[in-house]
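return atomic coordinates for the entry below.
(one chain, ligands or ions: 1)
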Amino acid sequence: MLLPLIWSLLSVATLLLLFLFYWHGNHWRRRGLKGPFGWPLVGNMVNFALARRSYGEVYEKIYRQNPTLKYVAFYRLFNEPAILVRDQEILRQILVGNSFVDCADNVVNVDHHRDVLASHNPFIANGERWRIFRADLVSLFTPSRVRQTLPHITKACQLLREQTSAENFEAKDLATRYTLQVIASVVFGLDANCLGGQKVDKTGSQSRWLEWLAPLFQPTVWSLPETMALLHSPRLGRLIGHRYVPESLQNWFRELVAARSHGDNLLQWLSESKRTLEKDELAGHATTLLLEGYETSSMLLAFALYELAINEDIQKQLQIELDKVAFNHDGGLLDQVALGKLRYTEATLLETLRIHPAMQALQKRCTKSFAIPAQKSGWKGEFEVQMGTVLVVPVQAIHLDPEFYPQPNQFQPERFLNQIQMGCKFLAFGAGPRMCPGMRLGLLQTKAALATLLQDHRVLVANQDQKRLQISPLTFLTASRRGIWLRFEKRTRD
Ligand code: HEM
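I've put the predicted structure just below:
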């Protein structure tokens, strides 16, 4: 008697579950958009869920498979309906134009109670908090303020110059040492002791900066669940107790802010700004400046060294520019005017970011329904993007689209020599009101490092295996899977 009842209940439950899967997986078809079926849990991102592809590569495939659509309706992880935008005009509308206010929020799940300091980061904050925090920071990055950071950068470059021995080195490690040295000095006026050989700091460790910050964004066994929590599921974040900034680091940052020097540094300028900042606001901004300031730039420097090592002709071209500018500046390259003349070097950095953008996609949440044109060119009418929908801006896919960049996998800095208007075709720093405010500082510190390292040395791959770079499928910011092993060789000038 009981067994048939259990069977019937189980059958009903299974049917109900199947119906729910079918219902969820057809969300977009019910709304009149063509697109793939959304599978339970993994949506259309099974390769990301299984750590086979990075999230940028998954979006790139969806982008490439739908060349005739202006946007693709698909399902992110946990079967969340999302729209991947392909069309340049719609991208402009949501990043820069009228609809920006309706989808200004970044999809990044950070718990404001667990992550008090990170919650002040404009990249994470939304609404009025974003407006206030962004305004605080933007004032630090005017051209004249950025110029004032040059003495910090020059000092770090002098130490960097001593790191060019003939031994094999891991480029991301060297680049992180350098950018941490710069950022600690620019933000706090502190010597982070990251490039000083075997010196130990007051705490007895070689450098707490290196020990605590260098591993923060590198691939580990925890990276995939953390990236999933950050980009896809606040519930998963709660479950694994994810923190964007570990608690020990938050406490240390508070101590550093309290002990900062009062010289020419970003925190000092912030504390002199018109708006009086509370203690946690100042510590929050310090956290933002540090984390945003070192990782993206060190990644850029490491990938640029790699691209130059495998593209010898371009490296030679860059060195011709370094020699020419140095010749006209008494042998020096690190003053404002000389750095400003390194246009090919800057184009090399932009081309590096095209192929290896730090963020492979930007993801925005619609906070108020708005209309976009019909899905296919030639179709009439509009489609309403409903509140809550995630809009994916597939940066990596756009950067590798042959329509915008012929032979997209070839490294050609010339593409950026005479570019005046890039529209939404180059999104390494985002675009519009949310665009990266630290772009100038990021490019300046990286350009100075590249000029320092390559003025007297060639960079080469450590061995032939290094010619093929693999990107980690686990991390939120682009990282290489197994490091980038290179070596320097003293230059002989012909
Ligand atoms: C090469 C170096 C860098 C790259 C590639 C980079 C890239 C980016 C990208 C892609 C965004 C997201 C834009 C969006 O949401 O639309 C961003 C935001 C941001 N970046 Fe950078 N960045 C770099 C350097 C820096 C530096 C040096 C700082 C400061 C010290 C900085 C501070 C910020 C901040 C505060 C935001 C959040 C802006 C907002 O949401 O309003 N970045 N960056």
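
for this structure, what lies in contact range of the ligand?
106, 122-123, 134, 137, 288-289, 292-293, 296-297, 300, 353, 358-359, 362, 428-430, 434-438, 441-442 (CB under 6 Å from any ligand atom). For glycine as for every other residue, the C-beta is placed from the backbone atoms N, C-alpha and C.

only the buried subset of the residues you listed, as a PyMOL command please.
A single PyMOL command is used to select the members of the residues of the chain next to the ligand judged buried by 16 or more other CB atoms under 10 Å:
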select buried, resi 106+122+123+134+137+288+289+292+293+296+297+300+353+358+359+362+428+429+430+434+436+437+438+441+442
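
looking at the residues of the chain next to the ligand, which are in strands?
Among the residues of the chain next to the ligand, the residues falling in strands (DSSP state E) are 106, 362.

quick one: contacts for residue 351?
By CB atoms under 8 Å, 6 or more residues apart in numbering, residue 351 lies in contact with 307, 411, 412, 413, 415, 416.

show residues contacting stretch 485-494.
Residues contacting stretch 485-494 (CB under 8 Å, 6+ apart): 164-171, 305-306, 309, 319, 323, 453, 456-463, 466.

tell me how many other residues crowd residue 247.
Burial of residue 247 is recorded as 12 neighbouring residues (other CB atoms under 10 Å).

from the ligand, how far off is it?
22 Å (CB to the nearest ligand atom, to the nearest Å).

swap in residue 311?
20 Å.

so who does that residue touch?
Each residue near residue 311 by CB under 8 Å, 6+ apart is listed here: residue 411.

for residue 469, which three-state class applies?
Of the three states, residue 469 takes coil under DSSP: H, G, I helix; E, B strand; the rest coil.

quick check: it vs residue 345, distance?
As for residue 469, its distance to residue 345 is 21 Å (criterion: CB to CB, to the nearest Å).

more crowded one of the two?
Set residue 469 next to residue 345 and count neighbours by other CB under 10 Å: residue 345 wins out with 25 against 17.

which ones are touching that one?
318, 321, 322, 447, 450, 451.

let's see 7 Å
By CB atoms under 7 Å, 6 or more residues apart in numbering, residue 345 lies in contact with 318, 321, 447, 450, 451.

okay, the helix or strand that contains the third one in CSV with CA atoms only?
Think residue 447. Following DSSP states H and E, one finds residue 447 within helix 439-455. Extracted in CSV, the C-alpha atoms of helix 439-455 (Å, rounded to 0.1, in the frame of the first residue of the first chain):
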residue,chain,number,x,y,z
MET,A,439,44.3,54.2,-16.5
ARG,A,440,46.9,57.0,-16.7
LEU,A,441,48.8,55.8,-13.6
GLY,A,442,48.6,52.1,-14.8
LEU,A,443,50.0,52.9,-18.2
LEU,A,444,52.7,55.3,-16.8
GLN,A,445,54.1,52.8,-14.2
THR,A,446,54.1,50.0,-16.8
LYS,A,447,55.6,52.1,-19.5
ALA,A,448,58.4,53.3,-17.2
ALA,A,449,59.2,49.7,-16.2
LEU,A,450,59.2,48.4,-19.8
ALA,A,451,61.6,51.2,-20.8
THR,A,452,63.8,50.5,-17.8
LEU,A,453,64.1,46.8,-18.5
LEU,A,454,64.5,46.9,-22.2
GLN,A,455,66.8,49.9,-22.6
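
the inter-axis angle of the following helix or strand past it versus helix 439-455?
Later in the chain than helix 439-455, the nearest helix or strand by DSSP H and E is strand 457-461. Put simply, strand 457-461 runs at 100 degrees to helix 439-455, going by axes from the mean of the first three to the mean of the last three CA atoms, to 10 degrees.

for strand 457-461, give me every contacting residue.
Everything outside strand 457-461 that qualifies as a contact, by CB under 7 Å, 6+ apart, is 164, 305, 308-310, 315, 467, 486-491.

would you turn those into a markdown table with pLDDT and secondary structure?
As requested, the contacts of strand 457-461 are exported to a markdown table (pLDDT from 0 to 100; DSSP: H, G, I helix; E, B strand; the rest coil):
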| residue | pLDDT | secondary structure |
| --- | --- | --- |
| 164 | 89 | coil |
| 305 | 98 | helix |
| 308 | 98 | helix |
| 309 | 97 | helix |
| 310 | 96 | helix |
| 315 | 98 | helix |
| 467 | 76 | helix |
| 486 | 96 | strand |
| 487 | 96 | strand |
| 488 | 97 | strand |
| 489 | 96 | strand |
| 490 | 94 | strand |
| 491 | 91 | coil |
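
which of these are buried?
164, 305, 308, 309, 310, 315, 486, 487, 488.

what's the spacing between the residue nearest to the third one when sequence neighbours are not counted and residue 460?
The one in question is residue 308. Spatially, and ignoring its direct neighbours in sequence, residue 308 is nearest to residue 315 (4.2 Å; CB to CB, 6 or more residues apart in numbering). According to CB to CB, residue 315 and residue 460 sit 9 Å apart.

all strands for this protein, in order.
So, for the chain - with DSSP E - the strands run 71-76, 80-85, 105-106, 169-170, 362-365, 370-373, 382-385, 390-393, 457-461, 485-490.

Throw the ones you listed into a markdown table and include distance to residue 18, thanks.
Output for those, formatted as a markdown table (distance: least, CB to CB, whole Å):
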| stretch | distance to residue 18 |
| --- | --- |
| strand 71-76 | 17 |
| strand 80-85 | 19 |
| strand 105-106 | 34 |
| strand 169-170 | 50 |
| strand 362-365 | 30 |
| strand 370-373 | 33 |
| strand 382-385 | 29 |
| strand 390-393 | 26 |
| strand 457-461 | 52 |
| strand 485-490 | 50 |
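
what number of residues lie near residue 398?
Applying other CB under 10 Å, we find 25 residues neighbouring residue 398.

that one against residue 428, yeah?
No - the criterion here is CB atoms under 7 Å, and residue 398 misses it with residue 428 at 10.3 Å.

just to revisit the earlier point, and the buried ones among the contacts of strand 457-461, which is closest to the ligand?
Checking the buried ones among the contacts of strand 457-461 against the ligand by CB to the nearest ligand atom gives residue 305 as the nearest, at 14.0 Å.

enumerate every residue touching the closest one.
Residue 305 touches 171, 459, 486, counting by CB under 7 Å, 6+ apart.
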